[in-house]
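Asker: No sequence on hand, only this structure:
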């Protein structure tokens, strides 16, 4: 058996219920983002760009599209001869079967999987964050500090600190206290939900956590406080780059619209930053004789016969003659019928707007799915 | 069991393609924003459920190998079958009369002999169309003809050099000849029984310098040759002018629908470029655009490949701009083909005509 220094475990089982229509049929990490990506692409690409070639993807909620999308992992060069991407759903045992009951429980149920690779470190990731990060730098920090657990943190504005899990640290960045959404924060270092554990320490903590009937099996609520209580070496690693947790419709909308800004912090056109995806089958896109595209991002496979302004169009979107699409995000294979007007709207994958319909308004975000519409 | 294996040829030269073929074989010419000509032949094979494809390479095969690798994108990186790279003869340099140098087949008999296949489906690597070969394979199997040629009925006044065939009332081929025009044009694809090909290889071993279709023409009196008509769109690829016209054909919705039929997708090497960005102030009309491009200027009636940059105030009309071209601010291009990595300097004006597009060679700074 060959050893892997670091194995990544990517939590992709969440429903993302606050995304409503968009996660009706698919898990949140599978939701389309930024035109040609799905949310999981950012964490997966970070793994590959950091040289981590063994990734367990923990799935639970509506995993079928995610499974198909990940395929062999080839799109991310993760079809490795040894290692690669592994989809890890809940499973049955001789004594029955259980769902993953929390983020820590999901890893607990896959201790055998991790043991197979005999790693020194385990990197815990979420499948729904927008950021670009070299995990090696964090791993170097972890080793240098002799840490048992390193938590990636980001400095947030003080007035927002009470919305996050906050780490209080000493001068050495040793974590002294962890408080989940504190009313009166004494630090503005927010946990990004990215952890590097020394595997031996995590393994023991997971076994103890599983035996505790009162536990919610959550990293923030249970594992981190337990390790702090045991006097383990917990350190905070400050990440200074762009990072967004895209959890709600307004943040899903605004983080994407920011990509259109030429001075955007997150630059998809930066050639040094290779974000890989598996949405690549379409031919080039077409802008027709009467088509008009103003300040927008378009993917391959689109056909534009109407007007598109300040919008993001995913692969295979069709905007028919006379239609006007403004301030909107159209997800893969969606279609806007002739003469329709679409304002400030997120149009779900494969959904259609009828010809001459009017959808959305300037003062709220409208989300349109096959059978349902919601406004935020 | 799949009874048909494929053979795609690229070891020939199409004259009139300079400078696009200075550094690459004709089959590797970029086309349609994100493809190379070869993608169509390979995709047509795999979309017709052919799972073993031999690719006869020319001597300067770097760009072809760079593009197809192990055949992963076409699903040809397989345990059983898959992609076979077959070295072509050096004579391909001078082979401009046809697409099927007999010597290339003679040199690669070990590929053709292998396995249980009964039929070999052959296509030139520059045949650009979307064709379902299953009906051809079925007809070939049922007819018992040992070889079936694919042809297209030419429109009146059609004049292009190539092989033309004559047919009897049952569709059997009664004549094959080189001509500069005619009614039924052979479109450089055929299916042949393995036994016939191996017999011809044995009998005509000394005639390796011939084009295989010329050889068939000679053997025709003693052969039953069938025909199968393809009525779909074929992008003409006889030289720069035809290439330019075929590129402009892609601006037609009907042509794109057929050529890029999502049920028979044309597969190509994946580059993972981000979406195309249309900056404020850009104007794009009637153009085929590819991901990764950044447009700040004006683009009309053009085909723009991936990661092209058209800066502020630049105007691009009736052009083909290949991968990673940069058109600097204030430049004006009309009827121009820019090969990959061309940079057009600020305020530079370059004009060709629709019949004689100006071609800027790869990597040039103008």
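Answerer: Arrived safely. The structure displayed is predicted, hence computed values, not measured ones.

Asker: what about residue A:171, is that helix, strand or coil?
Answerer: coil (DSSP: H, G, I helix; E, B strand; the rest coil).

Asker: I'd say residue A:221 and residue A:179 touch.
Answerer: No - using C-beta atoms under 8 Å as the test, residue A:221 is too far from residue A:179 to be in contact (10.9 Å). From N, CA and C alone the C-beta is placed, and that goes for glycine too.

Asker: if you look at stretch A:240-258, does any of it touch chain B?
Answerer: No - Stretch A:240-258 is not in contact with chain B by C-beta under 8 Å from any C-beta of the partner chain; minimum separation 11.0 Å.

Asker: Straight-line length of that stretch, end to end?
Answerer: Length of stretch A:240-258, first residue to last, C-alpha to C-alpha, to the nearest Å: 19 Å.

Asker: Can you give the distance of it from its chain's centre?
Answerer: Here stretch A:240-258 is found 10 Å from its chain centre; the criterion is C-alpha atoms, centre = their mean, to the nearest Å.

Asker: Other residues contacting that stretch?
Answerer: A:16, A:18-20, A:22, A:31, A:33-34, A:39, A:126, A:128-133, A:154-155, A:192-193, A:264-266, A:310, A:312, A:327, A:329, A:346, A:365, A:367, A:374, A:376 (C-beta atoms under 8 Å, 6 or more residues apart in numbering or on different chains).

Asker: Let me see the contact set for the closest residue to chain A within chain B.
Answerer: Across chain B, no residue is closer to chain A than residue B:33, which sits at 3.1 Å (C-beta to the nearest C-beta). Residues near residue B:33 by C-beta under 8 Å, 6+ apart: A:283, A:284, A:300, B:250, B:288, B:289, B:290, B:303, B:304, B:305, B:306.

Asker: Can you give me every residue that contacts residue 117?
Answerer: Using chain A here. Here residue A:117 is in contact with A:3, A:4, A:7, A:54, A:83 (C-beta under 8 Å, 6+ apart).

Asker: Actually, chain B is the one I wanted.
Answerer: Counted by C-beta under 8 Å, 6+ apart, residue B:117 has contacts B:2, B:3, B:4, B:5, B:52, B:194.

Asker: let's see it at 7 Å
Answerer: Shown in contact with residue B:117 (C-beta atoms under 7 Å, 6 or more residues apart in numbering or on different chains): B:3, B:4, B:5, B:194.

Asker: got it, and residue A:33?
Answerer: By C-beta under 7 Å, 6+ apart, the contact set of residue A:33 is A:39, A:256.

Asker: Over to it: give its phi and psi.
Answerer: phi -150, psi 140 (degrees, to the nearest 10).

Asker: how many other residues sit next to the nearest residue to residue B:22 once chain neighbours are set aside?
Answerer: The shortest distance from residue B:22 to any non-neighbouring residue, by C-beta to C-beta, 6 or more residues apart in numbering or on different chains, is to residue B:361 (6.4 Å). When counting by other C-beta atoms under 10 Å in any protein chain shown, one arrives at 17 neighbours for residue B:361.

Asker: Correct me if wrong: residue B:361 contacts residue B:21.
Answerer: No - Residue B:361 is not in contact with residue B:21 according to C-beta atoms under 7 Å; the separation is 10.5 Å.

Asker: Spell out which residues of chain A are next to chain B.
Answerer: A:35-36, A:74, A:262, A:268-269, A:274, A:276-277, A:280-281, A:283-289, A:291, A:293-300 (C-beta under 7 Å from any C-beta of the partner chain).

Asker: so of these, which ones are in strands?
Answerer: When these are checked against strands (DSSP state E), the matches are A:285, A:286, A:287, A:293, A:294, A:296, A:297, A:298.

Asker: May I ask which two of those residues are separated the most?
Answerer: Across those, the longest distance by C-beta to C-beta is 16.5 Å; it joins A:286 and A:294.

Asker: Neighbour count for these two, which is higher?
Answerer: residue A:286 (27 against 17).

Asker: May I have the beta-bridge partners of that one?
Answerer: residue A:303, residue B:288 (DSSP bridges).

Asker: Redo the contacts of residue B:33 as a markdown table? Include pLDDT and neighbour count.
Answerer: Formatted as a markdown table, the contacts of residue B:33 follow (pLDDT from 0 to 100; neighbours: other C-beta atoms under 10 Å in any protein chain shown):
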| residue | pLDDT | neighbour count |
| --- | --- | --- |
| A:283 | 96 | 24 |
| A:284 | 96 | 25 |
| A:300 | 95 | 27 |
| B:250 | 97 | 22 |
| B:288 | 97 | 24 |
| B:289 | 97 | 29 |
| B:290 | 96 | 27 |
| B:303 | 98 | 28 |
| B:304 | 98 | 28 |
| B:305 | 97 | 26 |
| B:306 | 95 | 21 |
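
Asker: In these, find the pair that's most separated.
Answerer: B:250 and B:306 (14.9 Å).

Asker: For chain B, state which of the contacts of residue A:117 is nearest.
Answerer: When the contacts of residue A:117 are ranked by distance to chain B (C-beta to the nearest C-beta), residue A:83 comes first, at 18.1 Å.

Asker: pLDDT score for the spatially closest residue to residue A:6 that is not a sequence neighbour?
Answerer: If the residues on either side of it in the chain are set aside, residue A:6 comes closest to residue A:121, at 4.4 Å by C-beta to C-beta, 6+ apart. For residue A:121, the model assigns a pLDDT of 98.

Asker: same deal with the one 4 residues further on?
Answerer: On pLDDT, residue A:125 comes in at 97.

Asker: Mind telling me what element residue 196 is part of?
Answerer: With no chain named, the answer covers chain A. strand A:189-198 (DSSP states H and E).

Asker: let's do chain B instead
Answerer: Going by DSSP H and E, residue B:196 is in helix B:194-203.

Asker: Any chance you could list what contacts that helix?
Answerer: Taking C-beta under 7 Å, 6+ apart as the rule, helix B:194-203 contacts B:105-106, B:109, B:112-113, B:117-120, B:146-147, B:215, B:219.

Asker: List the residues that contact residue B:306.
Answerer: B:33, B:34, B:271, B:273, B:290, B:291, B:292, B:293, B:323.

Asker: Which elements pack onto whichever strand or helix holds residue A:106?
Answerer: Counting by DSSP H and E, the element that carries residue A:106 is helix A:103-108. Applying 3 or more C-beta pairs under 7 Å, 6 or more residues apart in numbering or on different chains; DSSP states H and E, one finds that helix A:103-108 contacts strand A:6-11, helix A:199-211.

Asker: The closest residue in space to residue B:271 that isn't next to it in sequence and residue A:316: what is the separation?
Answerer: Excluding its sequence neighbours, the residue lying closest to residue B:271 (C-beta to C-beta, 6+ apart) is residue B:306, at 6.2 Å. Here residue B:306 is placed at a distance of 17 Å from residue A:316 (C-beta to C-beta, to the nearest Å).
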